[in-house]
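Engineer: can't give you the sequence, but here's the structure:
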């Protein structure tokens, strides 16, 4: 074993152990182990730990493979065993050391999950075997050539995702098919195998021929590309419109989730204009959402005698323009004082605004108008030609229209004169002013447009929920929206959708996730900033910029190396 | 003379006028409210003094937290948004130590030693969290655009918050009762709660200690050199990375101690305890001119008193019902106003210009 990178391997193993310990003690492992991915084979909790081993093992193996191919597997094995040993030590020490008194999640349930439902030594050996096996698998993965590794990994991810999303697919699919693939929780074993094989074949084919197909599409003249693209959009749109009818009663839960995702997409599109286009980091964005929601609620509810003695309750369509106007105006009003501040101070000021609005809403001082801590019920619902929206499916259409409006505004503004002015302000405010851009008007329109979209989203939200309470409008909402923008790719419109589905849709579907939502968001923000600041689906300009920056930094290290 | 005013007026933009109007309205509101309250005689002089003393004690806590914000801003020019979680982590962990000491009866037999142990534990945990945070999250991002570290810090803040929630649970916990701190002392004709006196004195001692550390020791000199000019400091042989870590360590220790004091005043620790005091302390840091250490201390004390007096002094005077609920709103309003009208702070203009 000459030249084996002992230090790196052990360090990676210990780092992986810290992550695994964190996941276990925070309670994620135990909470997630209640969700089975493949019936009686693997749970989400076990998968989480295996994922840690796979990633850590892969990193160590890549380092070791530089010396000798065979070292990769050994490095993976060592990493797996280290993590396994640390977890075993945790499982065995919980009871004698009374760890439960400090760590609420160091429970007997956790021990059971860690030791695979076995007692004592048998459990420890199983744990070590599984983790070691995971490590070896990671080493093997490193040794595989790229065109084999990628389809395998993608197929694995796709299969596990389908298992994770059982609650959707088991409902959507016809009975007979769903019974083949799914049990009461997770995939069936034969279903998992069939899916894994099918996905592997698909991804292998995509790996082999995908590039050619894409190349041929791009080689087409632009006038032929356009109808193809429009056709694809049209099919997607028709699918979306027909979907609620297709699923009927069964779709209630799915549309509940889709509605929430949609509401966040509208908010995300608005914040994207403020943060993504104009570069103004707004942490109090929830305030505009709240203003839209509260205007809608206050104007339409039959409650609140203090308001009702002046204005009779309105219906949805009368209140909606007023709600939009209120949020637009508040965008301008809050925008004026912060015009002169920049960057991080702006972020903190807007955070302060958001909190002030929340505190005012909760306080007894404004209770007669805003309902205080209990909130307001009896918000009007939208109606059209005698038909009133009630179910999540009905609201889905309204939200779809709102998203379409948001997209339309964003697309049209992005490359307009105003959009380019925003971009200029984002890149360098002083230069933009020197070039003759009216920064006051430019910034205020960004705030106002973003606020209006948030207001629209809030108005629909309060109408959909029928009642609103101040706790729905805390700072966390601003952070959710910011996170989905950053994960999707700041400034990028498809990124907003991707981010909303990943960060809002997934936690809604996996209820056990809810408690760890902010934990994951926080980690995601940090990791994205460090490893992929341009986001999952970056805007073209940002993508180019990061590619260029990477190029210069390697060039810099190259010259630095040459100097030494 | 008139010529100059005319020129000034011609250069006045709409935003300036709007800002000016806002500030005039606010000043008028505060003055009217205060006069109403003071003339109505709803509170006696003794009650006002109580408000001030409480304000000083909590202001000392804010000042200790603000130290960390201001020092980190000094060396890295970033708002360490996660500092509020550094503040929470120490006392939340030390709660278990305090509890164990209490169960062993040690708190009754040796109260001072026990408290010292609790302080040491809290300070070291907070210090550890702050240093690890810097190494793992902030160090890889040095030199990236301004918003990148801020977003990272926001992410780290929530990550830490929910990590501690996961580790220790989401319930509100209270430090054991310390018999020594019960009751009041009468000083100069005033009956003052012992806790407040102890907290205030401890905060001042810690502030003086940390300030002396930064001013007199070699490490402190290194920190100040890095804050002044990172490249020049590196050329003079200062280990910049180590000094930045030390900055986080000093700030973390201050925040950990502040957390224990906070827990002594408000009798509670929980995973979300950092958010509001953190923002207030940041306000204090800006108030004193961010990057300026004595400024942060004074800013903290001022904010503590202002917040303690505010609801009764001018909100009740204006006829706002249940004004105490708006205590935090006062602090946040103060934050917004300071950042808008005087981002350079009251004491310092050294670094704030770049903001």
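Structural biologist: Thanks, I have the structure now. Predicted model, so just to flag it, every value in this text is computed and none were measured. Numbering: from 1, shown residues only, chains lettered A, B, ... in the order given.
Engineer: Count the residues that sit near residue A:93.
Structural biologist: Here the count is done by other C-beta atoms under 10 Å in any protein chain shown, and residue A:93 has 13 residues near it. Yep, even glycine has a C-beta here, placed from its N, CA and C like the rest.
Engineer: Distance-wise, check it relative to residue A:24.
Structural biologist: 12 Å (C-beta to C-beta, to the nearest Å).
Engineer: Would you check that residue A:326 makes contact with residue A:296?
Structural biologist: No: taking contact to mean C-beta atoms under 8 Å, the distance of 9.2 Å between residue A:326 and residue A:296 leaves them out of contact.
Engineer: When those two are compared, which one has more neighbours?
Structural biologist: Neighbours of residue A:326 and residue A:296, each counted by other C-beta under 10 Å, are more numerous for residue A:296; the result is 30 against 24.
Engineer: and the nearest residue to the more buried one once chain neighbours are set aside, what does it touch?
Structural biologist: With C-beta to C-beta, 6 or more residues apart in numbering or on different chains as the measure, residue A:459 is the residue that lies nearest to residue A:296, at 4.1 Å, once sequence neighbours are left out. For residue A:459, the set of contacting residues under the criterion of C-beta atoms under 8 Å, 6 or more residues apart in numbering or on different chains consists of A:292-293, A:295-296, A:319-320, A:323-324.
Engineer: Quick one: residues in contact with stretch A:366-381.
Structural biologist: By C-beta under 8 Å, 6+ apart, the surrounding residues in contact with stretch A:366-381 are A:294, A:296-298, A:300-307, A:313-316, A:319, A:360-364, A:388-390, A:462-463, A:465-470.
Engineer: which among those end up buried?
Structural biologist: With neighbours counted using 16 or more other C-beta atoms under 10 Å in any protein chain shown, those contain these buried positions: A:294, A:296-298, A:300-301, A:303-304, A:307, A:313-314, A:316, A:319, A:361-363, A:389, A:462-463, A:465, A:467-470.
Engineer: number of nearby residues for residue 167?
Structural biologist: You didn't say which chain, so I picked chain A. With neighbours defined by other C-beta under 10 Å, the count for residue A:167 comes to 17.
Engineer: Hmm, no, I was thinking of chain B.
Structural biologist: Other residues lying near residue B:167 total 20 when counted by other C-beta under 10 Å.
Engineer: thinking it is in contact with residue A:103, fair?
Structural biologist: Yes: with contact defined as C-beta under 8 Å, residue B:167 counts as touching residue A:103 (5.5 Å).
Engineer: picking that back up, inside strands: which ones of the contacts of stretch A:366-381?
Structural biologist: A:388, A:467-468 (DSSP state E).
Engineer: Just put those in JSON lines and tack on distance to chain B.
Structural biologist: As requested, the ones in strands among the contacts of stretch A:366-381 are exported to JSON lines (distance: C-beta to the nearest C-beta, whole Å):
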{"residue": "A:388", "distance to chain B": "38"}
{"residue": "A:467", "distance to chain B": "22"}
{"residue": "A:468", "distance to chain B": "19"}
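Engineer: Pick out the residue of chain B closest to chain A.
Structural biologist: residue B:155 (2.6 Å; C-beta to the nearest C-beta).
Engineer: who in the stretch 1-150 of chain B is up against chain A?
Structural biologist: Contacts of the stretch 1-150 of chain B with chain A, taken as C-beta under 8 Å from any C-beta of the partner chain, map to B:13-15, B:18-19, B:22, B:78-79, B:96, B:137, B:140-141, B:144, B:146-150.
Engineer: which residues touch residue A:31?
Structural biologist: Applying C-beta under 8 Å, 6+ apart to residue A:31 gives the contacts A:45, A:512, A:515-516.
Engineer: and which of these is nearest chain B?
Structural biologist: Using C-beta to the nearest C-beta, the shortest approach to chain B within those belongs to residue A:516, at 6.8 Å.
Engineer: Which of the three states applies to the closest one?
Structural biologist: The three-state assignment at residue A:516 reads helix, by DSSP: H, G, I helix; E, B strand; the rest coil.
Engineer: Can you get me a residue count around it?
Structural biologist: One way to gauge burial is a neighbour count; for residue A:516, by other C-beta under 10 Å, it gives 22.
Engineer: my read: it touches residue B:162, true?
Structural biologist: Yes: the pair residue A:516 / residue B:162 is scored as a contact, 6.8 Å apart, by C-beta under 8 Å.
Engineer: Cross the buried ones among the contacts of stretch A:366-381 against helices and list the overlap.
Structural biologist: A:294, A:296-298, A:300, A:307, A:316, A:319, A:361-362, A:462-463, A:465 (DSSP state H).
Engineer: Could you identify the pair within these that is furthest apart?
Structural biologist: Taking C-beta to C-beta, the two most distant members of these are A:316 and A:362; they sit 25.8 Å apart.
Engineer: Mind splitting the chain into its structural domains?
Structural biologist: All of this refers to chain A. With automatic domain parsing as the criterion, the domains of chain A are listed as A:1-143, A:240-550.
Engineer: Let me rephrase: I mean chain B.
Structural biologist: Here the domain assignment for chain B is B:68-273, B:275-355, based on automatic domain parsing.
Engineer: now the end-to-end length of the longest one.
Structural biologist: Right, domain B:68-273. 17 Å (C-alpha to C-alpha, to the nearest Å).
Engineer: State the mean pLDDT of it.
Structural biologist: In this model, domain B:68-273 has an average pLDDT of 87.
Engineer: what's the offset of that domain from the middle of its chain?
Structural biologist: Centre-to-centre, domain B:68-273 and its host chain are 10 Å apart (C-alpha atoms, centre = their mean, to the nearest Å).
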